[in-house]
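A.B. asks: model this:
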Amino acid sequence: MAAAAPDPIDTLTALAEQMSTRHSLEELLRLVADGAARVLGVERVSVRLLDPTHTQLLAMARSGEPLHTQPPEFKIGEGLIGWIAEHGAPLCLASAEDDPRFAPRPGMAPMGAFVGVPLRAGAQVVGVISALDGTGRFDERDQRLLTLVAAMCGPHIELARLARLVQIDPLTGSLNRRGLDQRYQADAPGPAPLTVAMLDLDHFKLVNDRYGHAVGDLVLRHVTAVIGQVLRADDALVRYGGEEFLLLLPGIERERGARIAERVRAAVAAAPVAVPGGQLTATVSIGVAELRPGEARDEVIARADAALYRAKAGGRDRVAVD
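C.D. replies: Here you go, the predicted model:
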């Protein structure tokens, strides 16, 4: 059995009180992951939600060290996570790797014991909460505790998710223009610096022409997931149009923003995506600009866009700074 927290009921009570004051979906999901870890007395907990098409389970929040530098997507029915989502039933395993439903991924760290339960909004499964313990074994009590966490947080997550849907790009899960409006209003005021980066997938039209739009969509989702693993929780990724994205980096000055942009560029280039017939390596060009005092949003975005143009003119797969 995993080493449970000394007072799980007290922890659950505190978690319920905290959830009632959280409005951001990201903040709520991080709270749930950390709270579930405390309730179970483990380090590794992940929260996955179904994407807008209800075909993929996307990693949204985690507590503890990740199994992957780039958490993979799981289709409904795929692996332990996908099985839970498909059947709407919990799983409690002494050894995840020994279960025939286990779907290994390249570079995956040892998992050990596993417990996972569905997240529901009413009768509908909307995600999965799972936990790992490399040294102990989970039992029925742990499963009941995690089920209780899921029952408590499910309605809160659904309300936050519905409120956010109007601000989300359905393909990539990043913010859309409406989401940008709200985030920029929250991030721009005040004395703290704000850096903006415009990002464009290089030669993306050739991907669509050669492989088709379905593969193009897969590449967009893949690149978005890779970028999300580089950014901080307070950063924002916006699908600005087509294959062009905008990064909002609050509290970050230009030089640090350029370093973050370089990490994004390198991460995308180092993470090929599987396509029919092999692998495809995507690259991105990025332009970086810091908001100036009294400057309007469109002005700083225009400067970042001009820097992006210079990055593409300079050979692509690079970062240019205003």
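
A.B. asks: In this structure, mark out all the strands, start to finish.
C.D. replies: 44-50, 56-63, 74-75, 91-93, 113-121, 124-133, 194-201, 236-241, 244-250, 273-275, 278-280, 284-290, 319-321 (DSSP state E).

A.B. asks: what's the burial count for the nearest residue to Asp217 once chain neighbours are set aside?
C.D. replies: Computed as C-beta to C-beta, 6 or more residues apart in numbering, the closest residue to Asp217 that is not its neighbour in sequence is Leu171, at 5.9 Å. Bear in mind the C-beta positions are built from the backbone N, C-alpha and C, glycine included. Neighbour count for Leu171, taken as other C-beta atoms under 10 Å: 16.

A.B. asks: Verify the stated contact: Leu171 with His222.
C.D. replies: No. Between Leu171 and His222 there is no contact under C-beta atoms under 8 Å: 11.5 Å.

A.B. asks: In contact with Asp235, which residues?
C.D. replies: 247-250, 260 (C-beta atoms under 8 Å, 6 or more residues apart in numbering).

A.B. asks: so which of these is the most crowded?
C.D. replies: Leu247 (26 neighbours).

A.B. asks: So it is in contact with Asp200, correct?
C.D. replies: No. In this structure, Leu247 is not within contact of Asp200 by C-beta under 8 Å, at 11.8 Å.

A.B. asks: Overlap of the contact sets of the two?
C.D. replies: Counting by C-beta under 8 Å, 6+ apart, the common neighbours of Leu247 and Asp200 are Ile286.

A.B. asks: Mean pLDDT lowest where, among the strands of the chain?
C.D. replies: Mean pLDDT is lowest for strand 56-63 among the strands of the chain, at a mean of 80.

A.B. asks: Need the residues that contact it.
C.D. replies: 26, 29-30, 32-34, 36-37, 43-51, 71-76, 81-82, 85, 127-128, 173, 221, 225.

A.B. asks: please redo it, this time with the cut-off set to 7 Å
C.D. replies: Contact partners of strand 56-63, identified using C-beta atoms under 7 Å, 6 or more residues apart in numbering, comprise 29-30, 32-34, 37, 43-51, 71, 73-75, 81-82, 85, 127-128, 173.

A.B. asks: Got a quick ChimeraX command for the buried subset of those residues?
C.D. replies: Selection of buried members from these for ChimeraX, criterion 16 or more other C-beta atoms under 10 Å:
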select :29,30,32,33,34,37,44,45,46,47,48,49,50,51,71,73,74,81,82,85,127,128,173
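
A.B. asks: Would you quantify the distance from the residue nearest the centre of the chain to Glu26?
C.D. replies: Taking C-alpha atoms, centre = their mean, the centroid of the chain lies closest to Met60, which sits 4.3 Å from it. Going from Met60 to Glu26 by C-beta to C-beta, to the nearest Å gives 8 Å.

A.B. asks: cool, and Leu194?
C.D. replies: The spacing between Leu194 and Glu26, counted by C-beta to C-beta, is 18 Å.

A.B. asks: between these two, who's got more neighbours?
C.D. replies: Set side by side, Leu194 and Glu26 show more neighbours around Leu194, with 23 against 15, by other C-beta under 10 Å.

A.B. asks: got a list of what the closest residue to the more buried one other than its chain neighbours touches?
C.D. replies: Leaving aside its sequence neighbours, Leu194 sits nearest to Leu291 (C-beta to C-beta, 6+ apart; 4.4 Å). Contact partners of Leu291, counting by C-beta under 7 Å, 6+ apart, are 188, 194, 196, 300.

A.B. asks: want to throw those residues into CSV with distance to Ala151?
C.D. replies: Shown next, in CSV, are those (distance: C-beta to C-beta, whole Å):
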residue, distance to Ala151
Ala188, 38
Leu194, 39
Val196, 41
Val300, 44
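
A.B. asks: which one of those residues has the most neighbours?
C.D. replies: Val196 (29 neighbours).

A.B. asks: count of neighbours near Val125?
C.D. replies: Residues near Val125, counting by other C-beta under 10 Å: 21.

A.B. asks: For Pro155, see how far away it is.
C.D. replies: Going from Val125 to Pro155 by C-beta to C-beta gives 14 Å.

A.B. asks: least trustworthy helix or strand in this protein by mean pLDDT?
C.D. replies: Every helix and strand of the chain was ranked by mean pLDDT, DSSP states H and E. The lowest is strand 56-63, at a mean of 80.

A.B. asks: Who does it pair with, and is each partner parallel or antiparallel?
C.D. replies: Using DSSP bridges, the strands paired with strand 56-63 are strand 44-50 (antiparallel), strand 74-75 (antiparallel).
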